[in-house]
Each structure stands twice: as C-alpha cells, then as structure tokens.
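A.B. asks: Any chance you could fold what I've pasted below:
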Amino acid sequence: MQKKELTLLTKTIQAIHPEYVEDERLLDYNFTDIKRNFGRHKGNSTPTFEELTEGLKEASDPGAWMKCEYCKKLELVFDTDEWIKKHRRCQQIDFIDRQSRQIMGKGITKTLYYEMGEDEFEANYRKVMNYYLEHKEPLVMKGLWR
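C.D. replies: Predicted coordinates:
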C-alpha cells in the first residue's frame, strides 16, 4: 500500500469512527484487501489493526517492475507520480539528444543531463527548446526538421 492510499483509508474510517488513528503498519498490506476487511467490519467499535488485517498476508512486492523506453532501465516502482516524473525527464533528454544529432550531427552526453539537479536541468531544457523553436523555420527549409 502506498502512503496516499493509507491516508485515504484513514479518512474513510475516520468518517465513520472519528477516534480511529492511522496505523503505519498497514503499509505492508494490500490496499484492496484492507478495504475489503473494513467493509466486513461489524459493530460500532473502532476497527483494530488485527481486525483490518485478519486473514491477510503482508504484501511481498508492493511495487511493480517497469522498463523505461528511453533509458532502457528496469526499475521497481512504488510511487506512480515519481515514475511519471522520471519518465518525462528521460523523454526530454532523448528529445535533446535526437535534435542535437539532427542539427549538429552529434549527440549529447546523456549522463550529464541525468546527473543535473532539477532546476539546472529545467533551465538547460528551456534553453534547448527555445533554440529549436527559434530556428525551426530555417531547419524545415533545409529538410532537417521533421
């Protein structure tokens, strides 16, 4: 279970049982299974950790393996937002590399871009994009821009 899911579950339980306190131990279990157990909870008492996890095993692999189509790395993904952010950066670096090969005839050193901080990378990416956008028309005339 992810932290966002735990927060959602806690809010759901607190809507019915305001005295319920978030339990970090639930992060080791599957979100859907915990929700199902909460749905089966009967009575007016606040559900306990034991009741919410009754009959469940800890999730052995809470993440998912995903391969980036740009950098070709296989990674275990726990947070979808982080994956999207990483994938977007790889896509931007790939774009810079392809455009450099088309216009200057040589690629970039991708590792330098991967090692840059977020602000430095964004500034460099903006410079490259502005250059390509300013020079797009002459490049189209030369047949270099698709």
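A.B. asks: Nearest spatial neighbour of Tyr10, chain-adjacent residues omitted?
C.D. replies: In this structure residue 10 is Thr, not Tyr. Glu22 (4.3 Å; C-beta to C-beta, 6 or more residues apart in numbering). C-beta: built from backbone N, CA, C; applies to glycine.
A.B. asks: Same check on Arg89?
C.D. replies: Nearest one to Arg89, counting by C-beta to C-beta, 6+ apart, is Phe121 at 7.0 Å.
A.B. asks: can you count the residues close to that neighbour?
C.D. replies: 17 (other C-beta atoms under 10 Å).
A.B. asks: So it sits against Arg88, correct?
C.D. replies: No - the pair Phe121 / Arg88 is not scored as a contact, 11.0 Å apart, by C-beta atoms under 8 Å.
A.B. asks: for the residue nearest to Thr10, what are its contacts?
C.D. replies: 6-7, 10 (C-beta atoms under 8 Å, 6 or more residues apart in numbering).
A.B. asks: What about those, which one has the most neighbours?
C.D. replies: Counting by other C-beta under 10 Å, top hit in those: Leu6 with 19 neighbours.
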